[in-house]
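> okay, here's the prediction I keep looking at, along with the sequence it came from:
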Amino acid sequence: MPKINAKGLNVFLDHRHVIKDLHLKIVPNKITAIMGPNGSGKSTLLKALSGLLKPTSGEVLLDNTPIHCFNRKKLARKLSFLMQHPEAPDNITVKELVSFGRFSHQRWFGLSKKDVEQVHWAIEQVHLEDKIHQSLNKLSGGQQKRAWIAMSLAQDSDVLLLDEPITSLDIRYQLETLDILQQLNLKYSKTIVVVLHDLQQVVQFADELVILEEGNLVCHTPIDSALDVGLFENVFGVKVRMLQDENNQQWVTVHGLTKSKDAALL
Amino acid sequence: MMSDQTKIYRLLSLIGITMLFIVLTLLWGNPTFSLNDLWQITPENKSDYFILYEVRIPRVLMSLYGGALFALSGSIFQVMHHNSMASPDMLGVNATALFTMVLFSNLFGTDHSLVAYALVGAMLGFGLTIGLARSHKRIEAARLIIIGISISILFKALGQLLIIQSKESIHNLLHFFNGTLYQATLEGVKSITYPTFVSIALCLLSARHLDLLSLSPDTVKSIGLRLSAWQIFLIGLALFMSAIALSHCGSLGFIGLIAPNIARLIFGYQHRYHLLGSLLIGCLLVLSSDFIGHHVFYPVEIPTGMILIFMGTPVFLYLLKKISRSHYA
């Protein structure tokens, strides 16, 4: 079981204190959603957790070893990170893109048989089998995102970190993508840490919720415990109502702004 | 989607055309040889032997080396900077290297290796351009090129000024600012053969890593590549390749810019084809412009560098329009 443990993280970017003395233990084999208003440090936290960004102070431990002690290849086999707006060359095909994910397992040239199997497995997981030889830039936004997720999957790591994977997708693709992540978690016990924006989606798909506000960890709680509505109202400045239907499914609705955030804006 | 077979056919046809130009350059001129003559020219026939072995063969080899080195150097710069205009001449590398060649030749004499002189300047020019172009830890594509060109203009002027003040033995470096093949000698070609082949081999072996480097830096790292180590190695290699070429044929302008872009159109992004394509197109561009300069306006000879500038300027303008709109592709 992969353990990610952030201890006393502080991150300064351009003299701005982006992450403030943050302690966080990611629960293994669960889906953790990170939420927070714009500029609250979600992406920065995710980058620090993935070892891409060295914190100004504090450290991130992966299986009790500081994450910056791993070499890149070894780290890539344990943990994958998908950024918000990844860039790829024009005309690259889905298969070629996903093959990049095998880099940390590969020798100097070419893919082994196992690499090829893993690439096909990853493409199956995101339901792109019929697009395998198509150019990435000919696919829809949702399909492109799924191709990138497949690249992360091909890395065959136990931990997947994803920065806003569904922002700017159509609602159908949003749900499809979240569903894929959930399946990966259920079938292969992948530990997933994902930045999301929609309260309802978080309640529906995540097991754990982390809320950030101005670089501070406001809460880290399992979803199924009674969610603190007041907290949402404070952090996001919106009025929230929680409902429960006959199947015990929770529904969250947002209806209007709270006065306090209004006052802050004025 | 282009199949691998198509790409291999295209590579083979490029090799064919290059061979054709090599043979044409060796045969055609004053005197024009026939294919049969080539094997029958012996040291006894002094003037023909001299023209073939001391003039035409070195010239062809230097064209091939120069074209290949500048083209591959440009290919590396373009993928490292995600910028289809990045190339040794656009980044201030060429002009600065020529300047240091003139400067150090004055200070320490010409008996030392010009490659070393050029390498110092190449690193200096690249460092200056990157240093000035970086703002907020980012390098904006158009800004990089504008600064690179400014650095080039400055050092070209300084270099030419310095030549006027120099000893006469250094005056022939003046031609290097526009690139020249007239000064190719068999000894010169021999002296750079090993470094040329080794650096080309290293570049071709890095094809897979160059593929990965066309992704965003964070993605590259999270896939498991040691980004900074590879950046240093590949940029170093690109600067070294430019320096070798600069020290023997000067700045064959635009090769590093045009060849990789044509190669990307013909072969797509995969570097195991792109690099070979870029190399061949570089060779072909130098050979053909030398050929045109020699024969088309006969008896007037136009320097190779000039022809390259005529060919390169439209491509340059087209690319400039493209990068100010979109990202690297």
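Perfect, I can see it now. Everything quoted here is computed from the prediction, not taken from an experiment. Numbering: from 1, shown residues only, chains lettered A, B, ... in the order given.

> who's in contact with the residue of the stretch 201-329 of chain B found nearest chain A?
Residue of the stretch 201-329 of chain B nearest chain A, by Cβ to the nearest Cβ: residue B:224 (3.0 Å). In this view, the C-beta of every residue, glycine as well, is placed from N, C-alpha and C. By Cβ atoms under 8 Å, 6 or more residues apart in numbering or on different chains, the contact set of residue B:224 is A:72-73, A:75-77, A:103-104, A:155.

> switch to 7 Å and redo it
Applying Cβ atoms under 7 Å, 6 or more residues apart in numbering or on different chains to residue B:224 gives the contacts A:72-73, A:76, A:103-104.

> secondary structure element for the residue most central in space within chain B?
With distances taken as Cα atoms, centre = their mean, residue B:70 lies nearest the centre of chain B, 1.7 Å away. Counting by DSSP states H and E, the element that carries residue B:70 is helix B:57-81.

> now the angle from whichever helix or strand comes after that helix to helix B:57-81?
Counting by DSSP H and E, the next helix or strand C-terminal to helix B:57-81 is helix B:93-108. The directions of helix B:93-108 and helix B:57-81 differ by 120 degrees, with axes from the mean of the first three to the mean of the last three Cα atoms, to 10 degrees as the criterion.

> what residues sit buried inside helix B:93-108?
Neighbour-count burial for helix B:93-108, counted by 16 or more other Cβ atoms under 10 Å in any protein chain shown, picks out B:93-106.

> same deal with stretch A:155-169?
Result for stretch A:155-169 [16+ other Cβ under 10 Å]: buried residues A:155-166, A:169.

> so which of those are in strands?
When the buried residues of stretch A:155-169 are checked against strands (DSSP state E), the matches are A:159-162.

> so which of the residues you listed comes closest to residue B:176?
Minimum distance to residue B:176 across these is 51.5 Å, recorded for residue A:161 (Cβ to Cβ).

> so the closest one is in contact with residue A:50, correct?
Yes: under the criterion of Cβ atoms under 7 Å, residue A:161 makes contact with residue A:50 at 4.9 Å.

> return the residues of chain B in contact with chain A.
Proximity of chain B to chain A (Cβ under 7 Å from any Cβ of the partner chain) is limited to residues B:1, B:208, B:212, B:214-216, B:218-219, B:221-226, B:268-269, B:327, B:329.

> now the buried members of those.
Members of these classed as buried by 16+ other Cβ under 10 Å are B:208, B:212, B:214-215, B:218-219, B:221-225, B:268-269, B:329.

> residue A:216: which of these is nearest?
Using Cβ to Cβ, these come closest to residue A:216 at residue B:218, 24.4 Å.

> can you tell me the closest non-neighbouring residue to that closest one?
Once flanking residues are discounted, residue B:218 sits nearest to residue A:83: 4.9 Å by Cβ to Cβ, 6 or more residues apart in numbering or on different chains.

> likewise residue B:110?
residue B:169 (6.3 Å).

> residue 243 sits in which helix or strand?
You didn't pick a chain, so chain A it is. If you go by DSSP H and E, residue A:243 is part of strand A:238-244.

> hmm, no, I was thinking of chain B.
helix B:227-249.

> the helix or strand that that helix is followed by to helix B:93-108, inter-axis angle?
Using DSSP H and E, the next helix or strand after helix B:227-249 towards the C-terminus is helix B:255-267. Angle, helix B:255-267 to helix B:93-108, by the same axes, to 10 degrees: 150 degrees.

> residues making contact with helix B:255-267?
Contacts for helix B:255-267 (Cβ under 7 Å, 6+ apart): B:7, B:10, B:67, B:70-71, B:73-75, B:78, B:84-85, B:87-90, B:273-274, B:277-278, B:281-282, B:285-286, B:308, B:312, B:315-316, B:319.

> list the buried residues for the very next helix or strand once past that helix?
Per DSSP H and E, the first helix or strand lying C-terminal to helix B:255-267 is helix B:271-295. For helix B:271-295, the neighbour count (16+ other Cβ under 10 Å) marks B:271-294 as buried.

> output the contacting helices and strands for helix B:271-295.
With contacts taken as 3 or more Cβ pairs under 7 Å, 6 or more residues apart in numbering or on different chains; DSSP states H and E, helix B:271-295 sits against helix B:4-27, helix B:57-81, helix B:207-213, helix B:255-267, helix B:304-323.

> any stretches of the stretch 1-150 of chain B with poor pLDDT?
Along the stretch 1-150 of chain B, the model assigns pLDDT under 70 to residues B:1, B:111.

> still on that earlier bit, in TSV: the ones in strands among the buried residues of stretch A:155-169, plus pLDDT and distance to residue B:157.
Below are those laid out as TSV (pLDDT from 0 to 100; distance: Cβ to Cβ, whole Å):
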residue	pLDDT	distance to residue B:157
A:159	94	56
A:160	95	55
A:161	95	51
A:162	95	52
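
> could the residues you listed go into CSV alongside distance to chain B?
Formatted as CSV, these follow (distance: Cβ to the nearest Cβ, whole Å):
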residue, distance to chain B
A:159, 11
A:160, 11
A:161, 8
A:162, 11
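
> out of everything not next to it in sequence, what's closest to residue B:64?
Per Cβ to Cβ, 6+ apart, closest to residue B:64 is residue B:283, 4.8 Å.

> no no, residue B:211
residue B:271 (5.2 Å).

> quick check: residues of chain A near chain B?
A:50, A:52, A:72-73, A:76, A:80-81, A:83, A:86-93, A:100-101, A:103-104, A:109, A:133, A:135, A:155.

> can I get the buried part of these as one ChimeraX selection?
Buried subset of those, written as a ChimeraX selection, criterion 16+ other Cβ under 10 Å:
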select /A:50,52,72,76,80,81,83,86,88,89,91,92,93,100,101,103,104,135,155
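
> isn't there a helix covering the residue nearest to residue B:110?
Yes: counting by DSSP: H, G, I helix; E, B strand; the rest coil, residue B:169 is part of a helix.

> please report how far it lies from chain A.
Remark: distance between residue B:169 and chain A (Cβ to the nearest Cβ, to the nearest Å) = 47 Å.

> which residues in chain A form strands?
Under DSSP E, chain A gives strands at A:4-13, A:16-26, A:31-35, A:57-62, A:65-66, A:79-82, A:159-162, A:191-195, A:208-213, A:216-222, A:238-244, A:250-257.
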